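Novice: What shape does this take:
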Amino acid sequence: MDHRNPALKPVDVICRIDREGAVAPLKIRVTDEDGEYQTYKIETFTELKHTGGTTLSDGVFVSGKLNIFECFITSYGRRRMIRLYYNPNDMFWQMTAQESR
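Specialist: Got it, this is the predicted structure:
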């Protein structure tokens, strides 16, 4: 994953890791346009599997060991789909967001 991709935004994530090492994102915290932190509960998520190098629908090229989660949150009364990217090697979370529905 290219950390310089402008579609990716660094994000704080609270997650659960079970005894088998499976990661489950629970909440995210992002900075809004005014520089204020906003926290959102992840309502549902699906972990996306990939093999080799591939470009996803949000334009992010991924390869190697990377956890990818398609998640739904509610922001300003609208349900939104976000995609979270977690690199366990450097413990770094990033996200992309789709338009509000």
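Novice: which residues touch the closest residue to V11 other than its chain neighbours?
Specialist: Among residues not flanking V11 along the chain, M95 sits closest, at 4.5 Å (Cβ to Cβ, 6 or more residues apart in numbering). Any C-beta I mention is one placed from the backbone N, CA and C, and that applies to glycine too. Residues in contact with M95, defined by Cβ atoms under 8 Å, 6 or more residues apart in numbering, are L8, K9, V11, I28, V30, I82, R83, L84, Y85.
Novice: right, and the last one touches V62 too?
Specialist: Yes: between Y85 and V62 there is a contact under Cβ atoms under 8 Å: 7.1 Å.
Novice: Keeping just the C-alphas, turn stretch 69-89 into CSV.
Specialist: Coordinates of each C-alpha in stretch 69-89 appear next as CSV, following Å, rounded to 0.1, in the frame of the first residue of the first chain:
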residue,chain,number,x,y,z
PHE,A,69,-12.3,-3.8,6.0
GLU,A,70,-15.4,-2.5,4.3
CYS,A,71,-17.3,-0.8,7.1
PHE,A,72,-20.5,1.2,7.6
ILE,A,73,-20.9,4.2,10.0
THR,A,74,-23.5,6.9,10.5
SER,A,75,-22.2,10.4,9.9
TYR,A,76,-24.5,13.4,10.2
GLY,A,77,-27.6,11.2,10.0
ARG,A,78,-26.4,9.4,6.8
ARG,A,79,-25.1,5.9,6.5
ARG,A,80,-21.7,5.9,4.9
MET,A,81,-19.4,3.1,3.6
ILE,A,82,-15.7,3.5,4.5
ARG,A,83,-12.8,1.2,3.8
LEU,A,84,-10.2,0.7,6.4
TYR,A,85,-6.6,-0.4,5.6
TYR,A,86,-4.4,-1.9,8.4
ASN,A,87,-0.8,-2.8,8.0
PRO,A,88,0.2,-5.1,10.9
ASN,A,89,3.9,-4.7,10.1
